[in-house]
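Asker: sequence? don't have it. structure:
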């Protein structure tokens with residue numbers, strides 16, 4: 001008996017996904033747990049496993065299609081089983097499955113009169129996921145690229161060579177020129193939509209402080225000299241904001257209707273530049289971790305982000321995000337709150353500044369911090385107390 005495989009909900013907020021690569025073809029035998037698709041969601045690119053054993057009888061989608069959760073993707077069946085076109089049409093007309101339901105549902109066996117011979121499918125271009133993503137970003141037609149991988153599969157390097165041999169530069173940020181036009185990728189589209197929604201739906205106010213981090217700079221240097229593990233300034237920030245949220249839990253709140261719900265645990269997002277755009281991996285349960293533990297986890301997440309290997313679990317659940325542009329020489333900036341969170345903090349670079357001290361002037365290490373806050377959840381006085389508490393922790397790290 002044939003089984004339909006539908007697009008599952010691969011994350012709590014997932015509503016649709018883009019098919020990046022189909023790992024199987026008509027006639028292939030798959031087992032439960034085999035990777036059959038690579039799916040790009042609003043947060044990550046993930047591998048989709050087959051929910052059942054069987055032979056691939058029909059593939060109902062095309063690569064690069066964006067589909068809603070519950071859309072039928074392919075049909076599995078017995079080796080000699082035939083699937084009619086009428087049956088395929090009926091599957092596509094069925095209502096989408098709800099989140100949490102099975103992704104493989106039993107399909108009634110067709111009547112003998114419905115059976116039809118197999119139809120030839122259009123020849124597909126086989127390319128690696130990285131090659132497809134790069135080709136999409138650079139507006140390169142994969143059909144024009146010669147593959148050098150196994151079985152003639154197009155690799156990322158093949159696409160790069162094709163770009164070098166042509167005048168197409170679209171999407172390559174370091175090669176952009178005035179007057180060019182190019183299509184943004186899926187992540188950029190979703191980021192743009194979320195930021196627009198943030199501005200429309202989250203009435204923010206903004207708080208700014210300048211922090212004396214002279215003692216923090218010295219403490220970090222001392223700790224890194226004594227131990228092998230490197231602790232970053234972000235690790236100190238993550239720990240300080242965790243302590244701040246413990247004391248001021250409303251900063252981890254979300255308003256739904258007329259009810260404010262506070263987060264169960266303190267999860268803090270850290271904005272990281274990744275190959276396909278900005279991502280925000282999340283350090284979980286920060287209130288239970290010391291600096292070394294935070295530093296270790298943060299470094300692992302940053303490496304996964306740079307390699308494009310973050311999972312949905314790595315990206316979900318933050319109640320506040322830290323975004324630092326100090327490494328780029330930025331003194332101060334106001335970040336945009338991410339939908340689903342109450343606030344976000346923008347961190348500037350640490351600079352030497354002249355600070356009055358009685359009748360003298362001292363050179364101190366100073367850092368600007370800007371906090372954007374959802375006014376639906378928190379008022380200015382409460383957020384100011386929270387920010388002042390964090391400021392004192394960073395000024396006197398102990």
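Answerer: Nice, I can see it. Predicted model, so just to flag it, every value in this text is computed and none were measured.
Asker: isn't residue 40 up against residue 20?
Answerer: Yes. Residue 40 is within contact range of residue 20, at 5.0 Å (criterion: CB atoms under 8 Å). In this view, the C-beta of every residue, glycine as well, is placed from N, C-alpha and C.
Asker: between the two, which one's more packed in?
Answerer: Ranked by neighbour count (other CB atoms under 10 Å), residue 40 and residue 20 place residue 40 first, with 23 against 20.
Asker: report the beta-bridge partner residues of the more buried one.
Answerer: residue 18, residue 45 (DSSP bridges).
Asker: how far away is it from residue 133?
Answerer: The span separating residue 40 from residue 133 equals 8 Å under the rule CB to CB, to the nearest Å.
Asker: need the overlap of contacts for the two.
Answerer: residue 20 (CB atoms under 8 Å, 6 or more residues apart in numbering).
Asker: now the helix or strand hosting residue 349: buried residues?
Answerer: Using DSSP states H and E, residue 349 falls within strand 343-357. Buried residues in strand 343-357, defined by neighbour count with 16 or more other CB atoms under 10 Å: 343-350.
Asker: each with direction, which strands does that strand pair with?
Answerer: strand 320-324 (parallel), strand 360-374 (antiparallel).
Asker: and for residue 330, nearest residue in space, chain neighbours not counted?
Answerer: residue 348 (5.5 Å; CB to CB, 6 or more residues apart in numbering).
Asker: I figured that neighbour was touching residue 327, is that so?
Answerer: No. With contacts counted by CB under 8 Å, residue 348 stays clear of residue 327, the gap being 10.4 Å.
Asker: how about the strands in the stretch 1-150 of the chain?
Answerer: Counting by DSSP state E, counting those that start in this stretch, the stretch 1-150 of the chain has strands at residues 3-6, 16-22, 29-30, 35-40, 45-49, 54-59, 66-68, 72-77, 104-106.
Asker: for the stretch 201-350 of the chain, that is, sorry about that
Answerer: Using DSSP E, counting those that start in this stretch, strands in the stretch 201-350 of the chain cover 204-212, 253-256, 259-262, 268-270, 272-274, 277-279, 282-283, 320-324, 343-357.
Asker: now do the last one, average pLDDT.
Answerer: Within the predicted structure, the mean pLDDT of strand 343-357 is 94.
Asker: that one versus strand 204-212: what angle between them?
Answerer: Using axes from the mean of the first three to the mean of the last three CA atoms, to 10 degrees, one finds that strand 343-357 and strand 204-212 are set 40 degrees apart in direction.
Asker: chain center to strand 343-357: distance?
Answerer: 29 Å (CA atoms, centre = their mean, to the nearest Å).
Asker: residue 49 pairs with what?
Answerer: When assigned by DSSP bridges, residue 49 has beta-bridge partners residue 35.
Asker: so, low pLDDT: which residues of the stretch 51-200 of the chain?
Answerer: When residues are selected by pLDDT under 70, those of the stretch 51-200 of the chain lie in 92-124, 137-139, 144, 150-151, 160-174, 181-183, 185-187.
Asker: so for stretch 51-58, what gets flagged as buried?
Answerer: Quick answer for stretch 51-58 (16+ other CB under 10 Å): 51-52, 54-58.
Asker: in the stretch 251-398 of the chain, where is pLDDT below threshold?
Answerer: 276.
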